[in-house]
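Novice: Got a sequence here, can you build the structure:
(one chain, ligands or ions: 2)
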Amino acid sequence: MEKEDVVDELIQKVAEAVPHISSGLMHRREYVGEENPSDEKMMEADVWANEFFKEKITSIEGVGQFASEEEHEVTDCGEGLSVAIDPLDGSSNIPTNNLVGTIVGIYDGVLPCSGEDLVAAFYILYGPLTTVTVARNGQVDEYVVEESSGDEVNLYLASEDVEIEGKKTYGFGGNKSWFESFEELEEEFSDEFKLRYGGSLVGDFNQMLHHGGVFGYPAKEGYDNGKYRILFEGNPMAFIAETAGSASSNGDRSVLDVQVDDIHQRTPFFAGHPDMVERIEERAL
Ligand code: AHM
Ligand code: MG
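Specialist: Residues are numbered from 1 along each chain as shown. Ligands and ions are numbered 1, 2, ... in the order given. Okay, the predicted model is just below:
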């Protein structure tokens, strides 16, 4: 199968899972007493969504590897592209019914590999509308997912060739443990820009994508490499940001340029207007 067709099928298969995932969250909001490879508590919904997506994705012809934020090892499943997924990003938002998402990176390389090997990336946002935001072939498009009959869904193109414009909002995670230099920078930003922060990478990034500005999660005390996992979160979102005409950074250079040696490697993460990202690079680290 051509790589383009594999990407198409991945988007379609993950979107088809949306009604099942949305309706299944209600009864899976308890923590299961286990930790994921990043030593974070797993909710029943995390485990269940991972299994569901894994089955769908590994059965696609043209997918060669599958890796998940919720699994220690990479699964080999044939020949072809490598898929890295954060099945439920922001799952700590589920009990309060705030935004969550699913993030998918599609790499043409053997995992772990760097963001330069990404051929496409997309995220699902489970919001008032469920949307799929896709970056590929130099363009970002946003689709609304609508359930149709049986297991099928329709994807309606809502915004074509989305570009990140302007500097309206800012938002940064991890505020209890920021380093002093970052606190100073945040104070400056709070005088100039409007704060929007919801505790979900997908939700917060999506807001920045539409309003313009910057979103990030810096290195902080106890987390010298930040919180986000580069393969499942940092790279796909950086790829979407850069494809939408803005910048990404780990505080020093584009997230996509960072060498990745470990499946669960973390990274500081910033994405948004190039001027704002540049100010972070100058001051924060
Ligand atoms: P998760 O994928 O395990 O849910 O973790 C990532 C989430 C992001 O969506 C969000 O930006 C961040 O963790 C919030 O972190 P914190 O709880 O430190 O504010
Ligand atoms: Mg996540």
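
Novice: Please give the element, helix or strand, for Leu10.
Specialist: In this structure, Leu10 sits in helix 3-16 according to DSSP states H and E.

Novice: chain center to that helix: distance?
Specialist: Between the centre of helix 3-16 and the centre of its chain there are 17 Å (Cα atoms, centre = their mean, to the nearest Å).

Novice: which helices and strands sit right next to that helix?
Specialist: helix 44-58, strand 81-89, strand 100-107, strand 118-126, strand 130-136, strand 153-159 (3 or more Cβ pairs under 8 Å, 6 or more residues apart in numbering; DSSP states H and E). For glycine as for every other residue, the C-beta is placed from the backbone atoms N, C-alpha and C.

Novice: can you tell which of these is closest to ligand 1?
Specialist: For ligand 1, the closest of those is strand 81-89, at 4.3 Å, according to Cβ to the nearest ligand atom.

Novice: between that closest one and strand 118-126, how many degrees?
Specialist: 20 degrees (axes from the mean of the first three to the mean of the last three Cα atoms, to 10 degrees).

Novice: can you pull the contacts of the residue in the stretch 51-200 of the chain that ligand 1 sits nearest to?
Specialist: Taking Cβ to the nearest ligand atom, ligand 1 has its nearest neighbour within the stretch 51-200 of the chain at Gly90, 3.6 Å off. Gly90 sits next to Asn98, Leu99, Val100, Gly101, Gly199, Ser200, Leu201, Val202, Gly203 when contact means Cβ atoms under 8 Å, 6 or more residues apart in numbering.

Novice: Met237 now?
Specialist: Ile103, Ala121, Tyr123, Leu201, Phe205, Ser248, Phe269, Ala271.

Novice: Spatially nearest residue to the fourth one, not counting backbone neighbours?
Specialist: If I follow you right, that is Leu201. Counting by Cβ to Cβ, 6 or more residues apart in numbering, Leu201 lies nearest to Asp89, which is 5.3 Å off, once chain neighbours are set aside.

Novice: Let me know the pLDDT of that neighbour.
Specialist: Looking at Asp89, its pLDDT reads 96.

Novice: Surely it is in contact with Val100?
Specialist: Yes. Counting by Cβ atoms under 8 Å, Val100 is a contact partner of Asp89 at 6.4 Å.

Novice: can you list residues touching both of these two?
Specialist: Contacts common to Asp89 and Val100, judged by Cβ under 8 Å, 6+ apart, are Ser200, Val202.

Novice: got a list of what the nearest residue to Glu184 once chain neighbours are set aside touches?
Specialist: Excluding the flanking residues, the one nearest Glu184 by Cβ to Cβ, 6+ apart is Arg283, at 7.2 Å. Going by Cβ under 8 Å, 6+ apart, Arg283 touches Ser181, Glu184, Leu185.

Novice: Nearest to ligand 1: which residue in the stretch 101-250 of the chain?
Specialist: Closest point on the stretch 101-250 of the chain to ligand 1, by Cβ to the nearest ligand atom, is Leu201, at 3.5 Å.

Novice: ok, that residue to ligand 2 distance?
Specialist: Distance of Leu201 to ligand 2, given as Cβ to the ion, to the nearest Å: 6 Å.
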